[in-house]
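Engineer: Need the 3D shape of this:
(one chain, ligands or ions: 1)
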Amino acid sequence: MTMFNFNAIPSQKGRIAIVTGANTGLGYETALGLASKDCKVIMSCRNKDKAEKAMADIRKEVPNADLEFIKLDLQNSLKSVRGIRESLQRKA
Ligand SMILES: NC(=O)c1ccc[n+]([C@@H]2O[C@H](COP(=O)([O-])OP(=O)(O)OC[C@H]3O[C@@H](n4cnc5c(N)ncnc54)[C@H](OP(=O)(O)O)[C@@H]3O)[C@@H](O)[C@H]2O)c1
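Structural biologist: Now for the predicted structure:
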């Protein structure tokens, strides 16, 4: 059986990933892993303070991490869902 090997993941330079729930748990680890592979990571979280703490923690491990916060509350705010769509369209 082939085992997952993080080191085998190629550079993600030039790519942009949107990671929901990026401030903790699986989302945080995904954001950290992608940032360490030079991917730009858009941290979409519902709490700005938690997102900024997570971004600071990632930058301790990956000083040149290309991170950006976008507020997204999937449960309580359809406005924030529309907001992230419009924000991403402006970046495209
Ligand atoms: N951890 C595991 O081993 C494991 C295994 C299998 C499946 N899962 C599933 O995978 C998912 C993530 O697991 P996890 O351990 O990473 O969970 P977690 O540590 O609880 O993280 C959940 C993330 O989702 C965010 N979130 C929750 N509700 C949200 C909402 N309405 N809008 C925007 N963001 C919201 C949380 O933000 P806040 O910090 O602001 O609450 C947090 O960033 C869960 O559904 C879990 O059941 C986990």
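Engineer: What does the pLDDT read for Lys91?
Structural biologist: For Lys91, the pLDDT comes out at 69.
Engineer: I meant to write Lys40 there.
Structural biologist: pLDDT, read off for Lys40, is 96.
Engineer: That one: neighbour count?
Structural biologist: 18 (other CB atoms under 10 Å). From N, CA and C alone the C-beta is placed, and that goes for glycine too.
Engineer: for the one 4 residues further on, same thing?
Structural biologist: By the other CB under 10 Å criterion, the neighbourhood of Ser44 contains 26 residues.
Engineer: That one and Met3: what is the separation?
Structural biologist: Counting by CB to CB, to the nearest Å, the separation of Ser44 from Met3 is 30 Å.
Engineer: Enumerate the residues of the protein near the ligand.
Structural biologist: Within the chain, the residues that sit near the ligand (CB under 6 Å from any ligand atom) are 21, 23-27, 45-47, 50, 72-75.
Engineer: For PyMOL, write the select line for the buried members of those residues.
Structural biologist: Remark: buried members of the residues of the chain next to the ligand, expressed as a PyMOL selection using 16 or more other CB atoms under 10 Å:
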select buried, resi 21+23+27+45+46+50+72+73
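Engineer: Which of the residues of the chain next to the ligand lies at the shortest distance from Arg90?
Structural biologist: Of all the residues of the chain next to the ligand, Leu72 has the smallest distance to Arg90: 15.5 Å, by CB to CB.
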